[in-house]
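Asks: sequence-free structure coming up:
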């Protein structure tokens, strides 16, 4: 558990830096930076756990809600909900589940993890195009709100909302511990999972649905933040954790820590201009995605 303790120390150091850089006043720390820190960490931990579950459940090292189009479907649902005058959370959840059902259907048709990934990339492009189409139809007074869902812009929420998000992240951490066994068995294949007492088809559907819910919530609140679900699980595996409670806890901590670091960079890189955290995670994650694609597609020979 030494590595997990080290990850915890890194998160604490980043949190201290996030709260106190620039020597802000006490009121700013408590009413602005603390809620922003808590919500940022919660979102990062949710995205990293979801990415790890997606990769194991679909037996694809490049799978995560962003690359498979689930996040963009959530954003489209949020945009449609705003356009119709409803709250974005319901639309985001509905559209994310619909995209997930399309992915599961593609899994039955193609029977290839790489083909499913390409299908997800196609869905991502389709939903992104539909979002742009929706922008063209929206009146100007709702366009700004709709655009917000595609940026990955973490604005300081209320402390109540930040604590709610932290509670959600801890609940899904607990769920990850509960479902640890099927998550570990699914990459070994359907037969191995079956003889170990796990119905792979039912387990895959239930795991993906369960871990899509918090992703849709984060998209409806802060927009699309990509690549956290790819970078962190692979970083954790590289550091020596592949299975067990250590892998789950390490993924949870590093995911939150990465997004806190990204948000800190986004705040300071072009200060006083504020960048979306999603831009920073894309700059960090896109090269990692290309490397992993090269590695797992046989690029190394």
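Replies: Ah, there it is. Fair warning: this is a prediction, and the values are worked out from it, not measured in the lab. Numbers count the residues shown, from 1 in each chain.
Asks: name the residues that touch stretch 199-209?
Replies: For stretch 199-209, contacts defined as C-beta atoms under 8 Å, 6 or more residues apart in numbering pick out 53-54, 57-58, 97, 100, 103-104, 179, 182-183, 185-186, 189-190, 193-194. C-beta coordinates here come from the backbone N, C-alpha and C atoms, glycine included.
Asks: which of those are buried?
Replies: 53-54, 57-58, 97, 100, 103-104, 179, 182-183, 185-186, 190, 193 (16 or more other C-beta atoms under 10 Å).
Asks: show me which of those residues is closest to residue 161.
Replies: Closest approach between the buried ones among the contacts of stretch 199-209 and residue 161, by C-beta to C-beta: residue 97, at 23.2 Å.
Asks: dump the residue contacts of the closest one.
Replies: Residue 97 makes contact with 209, 212, 216, according to C-beta under 8 Å, 6+ apart.
Asks: and if you look at residue 134?
Replies: Residue 134 neighbours (C-beta under 8 Å, 6+ apart): 76, 79-80, 83, 146.
Asks: kindly recompute the last result at 6 Å.
Replies: Residue 134 makes contact with residue 79 under the criterion C-beta atoms under 6 Å, 6 or more residues apart in numbering.
Asks: now do residue 39
Replies: By C-beta under 6 Å, 6+ apart, residue 39 lies in contact with 157, 162, 165.
Asks: which one among those residues gets closest to residue 114?
Replies: So of those, ranked by how close each gets to residue 114 (C-beta to C-beta), first place is residue 165, at 34.0 Å.
Asks: so how far is residue 184 from the residue lying closest to that closest one once chain neighbours are set aside?
Replies: Take residue 165 and drop its neighbours on the chain: the residue closest to it by C-beta to C-beta, 6 or more residues apart in numbering is residue 42, 3.9 Å away. Distance, residue 42 to residue 184, by C-beta to C-beta, to the nearest Å: 25 Å.
Asks: give the next helix or strand downstream of the helix or strand containing residue 40.
Replies: Here residue 40, judged by DSSP states H and E, is contained in helix 34-58. Toward the C-terminus, helix 34-58 is succeeded by helix 70-84 as the next helix or strand (DSSP H and E).
Asks: tell me what that next one is packed against?
Replies: Helix 70-84 sits against helix 88-110, helix 113-137, helix 140-148, helix 200-222, with contacts defined as 3 or more C-beta pairs under 6 Å, 6 or more residues apart in numbering; DSSP states H and E.
Asks: could you tell me which residues within that helix count as buried?
Replies: 70-83.
Asks: closest one of those to residue 242?
Replies: residue 70 (24.3 Å).
Asks: tell me the mean pLDDT over the host helix or strand of residue 279?
Replies: Using DSSP H and E, residue 279 maps to helix 277-296. Mean per-residue pLDDT for helix 277-296: 86.
Asks: what's it in contact with?
Replies: With C-beta under 6 Å, 6+ apart as the criterion, helix 277-296 contacts 61-62, 152, 154, 224-228, 230-231, 262-263, 265-266.
Asks: again, only this time at 8 Å
Replies: With contacts defined as C-beta under 8 Å, 6+ apart, helix 277-296 is touched by 40, 61-62, 67, 151-154, 222-228, 230-231, 234, 258-259, 262-263, 265-266, 269, 299-300.
Asks: appreciated, that's everything.
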